[in-house]
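Colleague: give the three-dimensional model of this entry:
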Amino acid sequence: MHINSHFAVGIIFASILNYFYSFSLLEFVFIVLFSFICDFDVLFAKYAINHNHRMLISHSIIPGFLILMSGIILNWSALAFSGAAYSIHIIIDTFDWGTNFFYFQKKQIGLKLLITKDEFDNLPEYLSKYKKAESFFDAKYYSSRISLGIEAIAFILMMVFILIFAFEFVLISIFYFLGLYFHLSRHFMLKKIEAYK
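Modeller: Model prediction:
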């Protein structure tokens, strides 16, 4: 799932909780931030196994669990919910490509709905067919009606939930479009690179 969709899930989660807890702006933003922040580990992908950022500890359940426990120990509900938001991100990531969920086993686990077993087992062979390796993942993602459908549903639900449960924070939803712009511009750039002879 793309960063904008994780952001949307964070908004949905924080908006529902806001109905019960009446968060401050800082608390609401904190929860939303932790729903997508682990995707910035892509900046450290060169240190990961096969340069796959989902193999880093930041894409395991460990950070989310530690943040959640810290929030419980400190009796700060917003921090505990931030840990839960982080964990939701990791759980969601097990569905598309899989993630190094427990970290120490150094194995990408999950349903991996966007990649076949053959593709996963012979990934270097499939990546070699593209000028840029990330084009393989990009093409698989954008050719999946399920992925695109989930993106659309996440956006709609984000708007519905923030309008109903957290209207005072509605302007935060504008940041969704930054993530969307990033992914779409990257998608079209990769398509252009692959189409260029």
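Colleague: going forward, measure contacts between C-alpha atoms and count neighbours the same way
Modeller: Fine.
Colleague: mind listing what's buried in the lowest-mean-pLDDT helix or strand in the chain?
Modeller: Lowest by mean pLDDT, DSSP states H and E among the helices and strands of the chain is helix 123-127, with a mean of 90. In terms of neighbour count (16 or more other C-alpha atoms under 10 Å), helix 123-127 has its buried residues at residue 127.
Colleague: again with stretch 111-131
Modeller: For stretch 111-131, burial by neighbour count (16+ other C-alpha under 10 Å) applies to 112, 114-115, 127.
Colleague: related to what we said a few turns ago, elements contacting the following helix or strand past the least confident helix or strand of the chain?
Modeller: Where DSSP states H and E defines the elements, the next helix or strand beyond helix 123-127 is helix 134-142. Contacts defined by 3 or more C-alpha pairs under 8 Å, 6 or more residues apart in numbering; DSSP states H and E place helix 134-142 against helix 123-127, helix 145-165, helix 176-195.
Colleague: pick the most buried one from the ones you listed.
Modeller: helix 145-165 (a mean of 16; mean count of other C-alpha atoms under 10 Å).
Colleague: give me the pLDDT for residue 50.
Modeller: For residue 50, the pLDDT comes out at 77.
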